[in-house]
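J.: Return a 3D structure for these sequence lines:
(chains A and B)
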Amino acid sequence: MTEQEINNIRADFPILTEQVYNKPLIYFDNAATTQKPQAVLDRINYGYKHLNANIHRGVHYLSQKATEAHEEARKYVAHFINATSSSEVIFTRGTTEAINLVAFSFGECCCRAGDEIIISMMEHHSNIVPWQMLCERKGMRLRVIPINEKGELRLDVFGELINENTRLVAVTQVSNVLGTVNPVKEIIQTAHQRNIPVLIDGAQAVPHIQVDVQELDADFYVFSGHKIYTPTGIGVLYGKREWLERIPPYQGGGEMIQTVTFEKTTYNELPFKFEAGTPDYIGSTALAEALKYVENIGIQKIAAYENELTAYATAELMKIEGMRIFGTSEHKSAVISFLVGNIHPYDIGMLLDKLGIAVRTGHHCAQPLIDHLGIPGTVRASFSFYNTKEEVDIFIAALKRVIGMLG
Amino acid sequence: MTINEIQNEIIEEFNQFDDWMDKYALLIDLGNTLQPLDDKYKIPQNIIEGCQSRVWLNAELIDGKVVFQGESDAVLVKGIVSMLIQVLSDHTPGEILDTDLYFIEKIGLKEHLSPTRSNGLLAMVKQMKLYALAFKAKMG
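T.: Numbering: from 1, shown residues only, chains lettered A, B, ... in the order given. This is a model prediction of the structure:
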């Protein structure tokens, strides 16, 4: 991307002109949540000003318009991830709810005592705990794919873990700590050889990588809107039709029913079967707006620029004495986790904050991974297409100053 | 010195700096000069687990006064631990229980005590008061 293009993008994100502690904000916490462009903010405003009525049930004009907008948004999401049909796109509150939905409903239909679920060492808590809860409920076992010293999945061990008791494999496409981009297509192929379905946690992937659920042949693919320039509270569960038909509803309520009597309720068709209650029909349209924004720039172009930025920051960081970077795979996304000497990550994060730089510190909701690495946590800088090399330079200078104070 | 006199002294020390980085340099100094906690006190029941960093706190009643010792794995947290000990240690349980800890807010470090920081400090302050309460009950 040219400097002009980046400047244009930056101008679309109002928060980037904020000052913190009288210093220009440098936002390097994009893996936690991303900032929102004006077009998305405008879409929310427009929705409440012109299209606000409860959807799917009103006969009146506004309700119909709101319903159309919500369903158009669903179609756009389906297009963005290349789902076969928009009825395979379920709106959820986010990645966490989507995984909980599958862990519950898949568990109900297809799991029993003695069965196994395979996850990986680098999962976020939201792709660990729901499966643990399922295992406790049903008397099942959780198996974990280990990682190598570069922070890559040990596929050789995965091949050994998978067996006749395996019911489902749930892995992240991109690690939120290590940045590793996992070979999920290969994992899916291996699992499918034994007819085992795979859930891919796409929370960290969707903002940075072109996702094609058909090409991946993923059975379930989940992501959050807020990590791709959308407000919080909306996310997506993609599921293959055959699976979504097979697994029972997650929550009961309005919207998800066909007919209700006190004796028996029949459920609505897809996707509504999984959307109990009034959905976030403003959030869905905001999500579609954000995805359009990304698509207009081009995800390949975004990825190329973010990779360039990550490579530049990595090279600059490596010049610092005592620098340890966690996650050194050649297949990496825009995330850098590091430690310097014996300095505690909290100290670095707090001082960088006072210099206007927002990074994340701690275990990043991946405690088993951090424990495995034998460290108290990391400092994590994560980039987006609105970040610049100049910001990286300021960050590096600030980091050196902070290390000087702490070292 | 009374607890409030110590608090006021700390406030004065910090208020000579306008720049955040100077205040933090002082905090780092305090952290680095905190007497390390003896390993015999680094036992599980003395750990206050935070999400980001951990704090150890030990308390003893000596001649009717509570003596605190503590440490943390993060130096900024250690700096605040050092000040909390400076303020509260060597006072009677009653004095500690009556204390309004205003110095942290006054020196602009209140954010370290916010629940979202999860660094163990908020729990440490609570724990210090709980020790005082327990010692007071014991003394009758």
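
J.: list the contacts for residue 108?
T.: No chain in the question, so chain A it is. A:247, A:248 (C-beta atoms under 8 Å, 6 or more residues apart in numbering or on different chains). To be clear about C-beta, it is placed using only N, CA and C from the backbone, and glycine gets the same treatment.

J.: you looked at the wrong chain, it should be chain B
T.: Residues in contact with residue B:108 (C-beta under 8 Å, 6+ apart) are B:14, B:20, B:23.

J.: what's the pLDDT at the one residue in chain B that gets nearest to chain A?
T.: Per C-beta to the nearest C-beta, residue B:74 is where chain B lies closest to chain A, at 3.8 Å. On pLDDT, residue B:74 comes in at 92.

J.: That one contacts residue B:52, doesn't it?
T.: Yes. Using C-beta atoms under 8 Å, residue B:74 is in contact with residue B:52, at 7.3 Å.

J.: Among the contacts of residue B:108, which ones lie close to chain A?
T.: residue B:20 (C-beta under 8 Å from any C-beta of the partner chain).

J.: from the contacts of residue B:108, which ones fall inside helices?
T.: Of the contacts of residue B:108, the ones assigned to helices by DSSP state H are B:14, B:20, B:23.

J.: any idea how far the last one is from residue A:18?
T.: Relative to residue A:18, residue B:23 is positioned 22 Å away (criterion: C-beta to C-beta, to the nearest Å).

J.: With the second one instead?
T.: Applying C-beta to C-beta, one obtains 17 Å for the distance of residue B:20 from residue A:18.

J.: ok, these two, which is more surrounded?
T.: For residue B:20 versus residue A:18, the count of surrounding residues by other C-beta atoms under 10 Å in any protein chain shown is larger for residue B:20: 16 against 11.

J.: which ones are touching residue B:53?
T.: Contact analysis of residue B:53 by C-beta under 8 Å, 6+ apart lists A:344, A:346, A:376, B:72, B:73, B:74, B:77, B:119, B:120.

J.: Now it: closest residue in space that isn't a chain neighbour?
T.: residue B:74 (3.9 Å; C-beta to C-beta, 6 or more residues apart in numbering or on different chains).

J.: Who are the contact partners of the residue sitting nearest the centre point of chain B?
T.: For chain B, the residue sitting closest to the mean C-alpha position, by C-alpha atoms, centre = their mean, is residue B:84 at 2.4 Å. Taking C-beta under 8 Å, 6+ apart, we find residue B:84 in contact with B:68, B:70, B:101, B:121, B:124, B:125, B:128.

J.: One more pass at 10 Å, please.
T.: By C-beta atoms under 10 Å, 6 or more residues apart in numbering or on different chains, the contact set of residue B:84 is B:55, B:57, B:68, B:70, B:101, B:103, B:104, B:113, B:121, B:124, B:125, B:128.

J.: Please apply the same query to residue B:134.
T.: Taking C-beta under 10 Å, 6+ apart as the test, what residue B:134 contacts is B:59, B:61, B:66, B:93.

J.: what's the distance between it and residue B:123?
T.: 16 Å.

J.: Close to chain B: what parts of the stretch 201-350 of chain A are there?
T.: With C-beta under 10 Å from any C-beta of the partner chain as the criterion, the stretch 201-350 of chain A meets chain B at residues A:342, A:343, A:344, A:345, A:346, A:347, A:348, A:349, A:350.

J.: could those go into TSV alongside neighbour count and secondary structure?
T.: Shown next, in TSV, are those (neighbours: other C-beta atoms under 10 Å in any protein chain shown; DSSP: H, G, I helix; E, B strand; the rest coil):
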residue	neighbour count	secondary structure
A:342	10	coil
A:343	19	coil
A:344	24	coil
A:345	25	helix
A:346	27	helix
A:347	28	helix
A:348	25	helix
A:349	24	helix
A:350	24	helix
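
J.: Please report the distance of residue B:1 from residue B:28.
T.: Counting by C-beta to C-beta, the gap from residue B:1 to residue B:28 is 24 Å.

J.: hang on, the earlier thing: and the least confident of the ones in helices among the contacts of residue B:108?
T.: residue B:20 (89).

J.: So which bits of the helix or strand hosting residue B:26 are buried?
T.: Using DSSP states H and E, residue B:26 sits within helix B:20-33. Residues B:20, B:23, B:24, B:26, B:27, B:28, B:30, B:31 are the ones in helix B:20-33 that count as buried (16 or more other C-beta atoms under 10 Å in any protein chain shown).

J.: so the first one makes contact with residue A:351?
T.: Going back to what we said before, that points to residue B:20. Yes. Residue B:20 lies in contact with residue A:351 (C-beta atoms under 10 Å); the separation is 8.8 Å.

J.: Helices along chain A, start to end?
T.: A:3-12, A:38-50, A:61-81, A:95-110, A:129-138, A:155-161, A:184-192, A:213-216, A:241-246, A:281-297, A:299-318, A:345-354, A:367-373, A:389-406.

J.: gap between the residue in the stretch 1-150 of chain A positioned nearest to chain B and residue A:147?
T.: Taking C-beta to the nearest C-beta as the measure, the stretch 1-150 of chain A has residue A:21 as its residue closest to chain B, at 6.0 Å. As judged by C-beta to C-beta, residue A:21 and residue A:147 stand 37 Å apart.

J.: Let's test this: name the helix or strand in chain B with the lowest mean pLDDT.
T.: Within chain B, confidence by mean pLDDT, DSSP states H and E is lowest for strand B:47-49 among all helices and strands, at a mean of 83.

J.: Buried residues in the helix or strand immediately after it in the chain, which are they?
T.: Downstream of strand B:47-49, the first helix or strand assigned by DSSP H and E is strand B:54-62. Buried positions in strand B:54-62, judged by neighbour count with 16+ other C-beta under 10 Å: B:54, B:55, B:56, B:57, B:58, B:59, B:61.

J.: Next, the buried residues of stretch A:28-38.
T.: Going by 16+ other C-beta under 10 Å, stretch A:28-38 has these buried residues: A:28, A:29, A:30, A:31, A:32, A:33, A:34, A:35, A:36, A:37.

J.: So which of these belong to strands?
T.: Counting by DSSP state E, no part of the buried residues of stretch A:28-38 is found in strands.

J.: And for the residue nearest to residue A:164 when sequence neighbours are not counted, the neighbour number?
T.: Closest residue in space to residue A:164, ignoring its immediate chain neighbours: residue A:194 at 7.9 Å, by C-beta to C-beta, 6+ apart. Per other C-beta under 10 Å, the neighbour tally for residue A:194 reads 11.

J.: check contacts around residue A:194.
T.: Contacts of residue A:194 (C-beta under 10 Å, 6+ apart): A:162, A:163, A:164, A:166, A:169.

J.: Please indicate which of those has the highest neighbour count?
T.: Neighbour counts for the contacts of residue A:194 (other C-beta under 10 Å) peak at residue A:169, which has 28 neighbours.
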